[in-house]
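1. coords please:
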Amino acid sequence: MTGQSHGGFTPTGTIATPADRRRVVFATVVGTTVEWYDFFIYATAVGLVFGQLFFEPLGANSGLIAFATVGVSFLFRPLGAFLAGHFGDKLGRKTVLMWTLILMGAATALIGVLPTYQAIGITAPVLLVLLRILQGISAGGEWGGAVLMAVEHAPKTRRGVFGASPQIGVPLGLLLASGVMALMTIIAPGDQFMAWGWRVPFLLSVVLILVGYYVRRKVEESPVFQELAERKEKARMPIVQLFAKHALLVIIAALVFAGNNAVGYMTTGGYIQGYATNPEGPIGLQRGPVLWAVAGSAVTWLISTLFAGWISDRIGRRTTYIIGWILQLIGVFALFPLVNTGQIGALFAGLAILTIGLGFTYGPQAALYSELFPASIRFSGVSISYAIGAIAGGAFAPTIATAIVQATGSTQAVTWYLAGMTLIGLVATLLLRDRSGIPLGPDHEAEQSVSPIYGVAKA
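-> All right, here's what the predicted structure looks like:
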């Protein structure tokens, strides 16, 4: 097999054939879909179940507390990112991906058998939060490895579309989580759903993890990491080097993601589901139709994410992002006026419009991040930037939105909050040079180490 050179040296086993590259893309999509299904099934259940079954005895703010547990997991994403970045840059991308998959699946399945507050008292929400923290650690380590497996295997001119493969795992995970939950509202309607129906989607994680593990075992290690390993050029302390030389870049890259993530967590964080189905709220829609509307919007999100990755290979990551921020801003201002009509069709339309912009500001992210950092610290760079961006953006977006509505009685301020986060993402993007197509291998560390930030000459 003829290897693909990443800068003058061809490592053994480098994937080159179209069939092998398709295998990498397939494994990346399957693995990230399973991971995000597990992560989002919790957020979906928060808006529908957990506030009542685990947190209601804690008082009038039980809903607010329940949504806060969605955000708590984000605080532990950096820990997952630090661990995965360190071991991913030293032991390889594939090894880390196998462990993050197992950790996420085990935590999710255990939630499915967890007793409620009525059964074991305060121990129930404590255990629930602990399991959510394990999900956060796993999610913090998953994304960077999946991104690098996809992008570092890709031809130089197709990194955007290859990098979109782990990105579409997010809408696919949301589609699967919402679809399975919606199906359970039919199989176990009403009180049955609250009694046992909500548990089934969590227990299904066991099957999905086995499938994901099997698929990922078949994939070769990233060629860039193979090259680093064979040359013995792996960084000894990659995280220390990252912050010593690229701290400002990490912050700016994190703010790019924060602008997308805060808006995206209106659905992936369970806020819209809870807001639209709250029987004491202004809308009071049924669970099933709302979940199907969210699942439908996940399809538009998937399509726009994949298209954005593809178009970024033609017009550049930066230009694609700028278009995306404009589309996302339009979606932000359209969302609540449509949702607040109380019509399921309008709710779907609002989510569909929003997800077009979300796709454009998410599809190119894998390629953008991979092209920002030098090869020897790339896993640490992309993972930690992603984790910090998740905290600054989506971690407490549902909690903030809930608090705003409780304080003002209106969603108008939520719209301005989301618009502000979108503008932060736009400004952060404008600070970065487009590095589409830059060589990714260790032969080009000097070129990769030149700062991509406008006005900064050196890293």
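
2. What degree of burial does residue 455 show, as a neighbour count?
-> Neighbourhood size, residue 455 [other CB atoms under 10 Å]: 6. Placement of C-beta: from N, CA and C, glycine included.

3. er, residue 130 I mean
-> 12.

4. Check it and give its pLDDT.
-> pLDDT for residue 130: 93.

5. Tell me which helix or strand it sits in.
-> Residue 130 is located in helix 123-151, with elements delineated by DSSP states H and E.

6. C-terminal to that helix, what's the next element?
-> Per DSSP H and E, the first helix or strand lying C-terminal to helix 123-151 is helix 159-167.

7. Between helix 123-151 and whichever helix or strand comes after that next one, find me the angle.
-> Remark: after helix 159-167, the chain's next helix or strand is helix 169-187, criterion DSSP H and E. Relative orientation of helix 169-187 and helix 123-151, computed by axes from the mean of the first three to the mean of the last three CA atoms, to 10 degrees: 140 degrees.

8. could you list every residue that touches residue 110?
-> The neighbours of residue 110, taking CB atoms under 8 Å, 6 or more residues apart in numbering as the test, are residue 131.

9. Can you tell me the element it falls in?
-> In the assignment (DSSP H and E), residue 110 maps to helix 93-111.

10. now that helix: mean pLDDT?
-> The predicted model assigns helix 93-111 a mean pLDDT of 85.

11. Now it: buried residues?
-> Buried residues in helix 93-111, defined by neighbour count with 16 or more other CB atoms under 10 Å: 93-97, 99-101, 103-111.

12. give me the low-pLDDT residue ranges for the stretch 151-300 of the chain?
-> Residues of the stretch 151-300 of the chain meeting the criterion pLDDT under 70: 219-236.

13. Give the closest residue to residue 335 in space, chain neighbours not counted.
-> Computed as CB to CB, 6 or more residues apart in numbering, the closest residue to residue 335 that is not its neighbour in sequence is residue 350, at 4.6 Å.

14. give the contact list for that neighbour.
-> Shown in contact with residue 350 (CB under 8 Å, 6+ apart): 331, 334-339.

15. at 7 Å instead, please
-> The contact partners of residue 350, taken as CB atoms under 7 Å, 6 or more residues apart in numbering, are 334-335, 338-339.

16. Next, format those residues as JSON lines and append neighbour count.
-> Formatted as JSON lines, those follow (neighbours: other CB atoms under 10 Å):
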{"residue": "334", "neighbour count": "19"}
{"residue": "335", "neighbour count": "24"}
{"residue": "338", "neighbour count": "18"}
{"residue": "339", "neighbour count": "26"}
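
17. Residue 264: which of those is nearest?
-> Residue 264 has its nearest neighbour among the contacts of residue 350 in residue 335, at 11.8 Å by CB to CB.

18. thought that closest one was touching residue 354?
-> Yes. Residue 335 is within contact range of residue 354, at 5.3 Å (criterion: CB atoms under 7 Å).

19. Skip the chain neighbours and tell me the closest residue to the most centrally placed residue in the chain.
-> Nearest to the geometric centre of the chain sits residue 170, at 5.7 Å (CA atoms, centre = their mean). Nearest residue to residue 170, sequence neighbours excluded (CB to CB, 6+ apart): residue 36, at 5.2 Å.

20. which helices and strands sit right next to the strand or helix carrying the one you found?
-> Per DSSP H and E: residue 36 is located in helix 18-45. Using 3 or more CB pairs under 7 Å, 6 or more residues apart in numbering; DSSP states H and E as the contact test, the elements touching helix 18-45 are helix 93-111, helix 123-151, helix 159-167, helix 169-187, helix 205-217.

21. closest to residue 454 out of those?
-> helix 159-167 (21.5 Å).

22. who's in contact with the closest one?
-> 25, 28-29, 32, 143, 146-147, 150-151, 153-154, 305-306, 308-310, 312-313, 317, 362-367, 370.

23. by how many degrees do it and helix 18-45 diverge?
-> Counting by the same axes, to 10 degrees, helix 159-167 points 40 degrees away from the direction of helix 18-45.

24. contacting residues for residue 81?
-> Contacts for residue 81 (CB under 7 Å, 6+ apart) come out as 140-141, 144, 383-384, 386-387.

25. can you count the residues close to residue 249?
-> Residue 249 has 21 neighbouring residues, counting by other CB under 10 Å.

26. same question, residue 377
-> Number of residues near residue 377 (other CB under 10 Å) recorded here: 27.

27. Tell me the spacing between the closest residue to it other than its chain neighbours and residue 86.
-> Spatial nearest neighbour of residue 377, chain neighbours left out: residue 238 (4.4 Å); criterion: CB to CB, 6+ apart. Using CB to CB, to the nearest Å, we find residue 238 at a distance of 6 Å from residue 86.

28. what sits in contact with each of the two?
-> Contacts common to residue 238 and residue 86, judged by CB under 7 Å, 6+ apart, are residue 380.

29. neighbour count winner among these two?
-> Counting neighbours by other CB under 10 Å for residue 238 and for residue 86 shows that residue 238 has the greater number, 24 against 20.

30. my guess is the more buried one contacts residue 85, does it?
-> Yes. Contact criterion CB under 7 Å: residue 238 and residue 85 qualify, at 6.3 Å.

31. just for the stretch 1-150 of the chain, where's the confidence low?
-> Residue ranges of the stretch 1-150 of the chain with pLDDT under 70: 1-17, 59-60, 88-93.

32. Extract the C-alpha trace of the helix holding residue 110 and format it as CSV.
-> Presented in CSV, the C-alpha positions along helix 93-111 are these (Å, rounded to 0.1, in the frame of the first residue of the first chain):
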residue,chain,number,x,y,z
ARG,A,93,-5.5,8.9,19.4
LYS,A,94,-7.0,5.4,19.1
THR,A,95,-6.2,4.2,22.6
VAL,A,96,-7.9,7.3,24.2
LEU,A,97,-10.9,6.9,22.0
MET,A,98,-11.5,3.4,23.1
TRP,A,99,-11.4,4.4,26.8
THR,A,100,-13.7,7.4,26.4
LEU,A,101,-16.3,5.3,24.7
ILE,A,102,-16.3,2.7,27.5
LEU,A,103,-16.4,5.4,30.3
MET,A,104,-19.4,7.2,28.7
GLY,A,105,-21.3,4.0,28.1
ALA,A,106,-20.8,2.7,31.6
ALA,A,107,-22.0,6.0,33.2
THR,A,108,-25.0,6.2,30.9
ALA,A,109,-26.2,2.6,31.6
LEU,A,110,-25.8,3.1,35.4
ILE,A,111,-28.1,6.1,35.2
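
33. following it, which helix or strand shows up next?
-> Going down the chain from helix 93-111, the next helix or strand is helix 117-120, by DSSP H and E.

34. by contact count, what packs against that following helix?
-> Against helix 117-120 (3+ CB pairs under 7 Å, 6+ apart) you get no helix or strand.

35. from the chain's centre, how far out does stretch 63-78 sit?
-> 15 Å (CA atoms, centre = their mean, to the nearest Å).

36. Over to stretch 302-315?
-> Taking CA atoms, centre = their mean, the mean C-alpha location of stretch 302-315 is offset from the chain mean by 17 Å.
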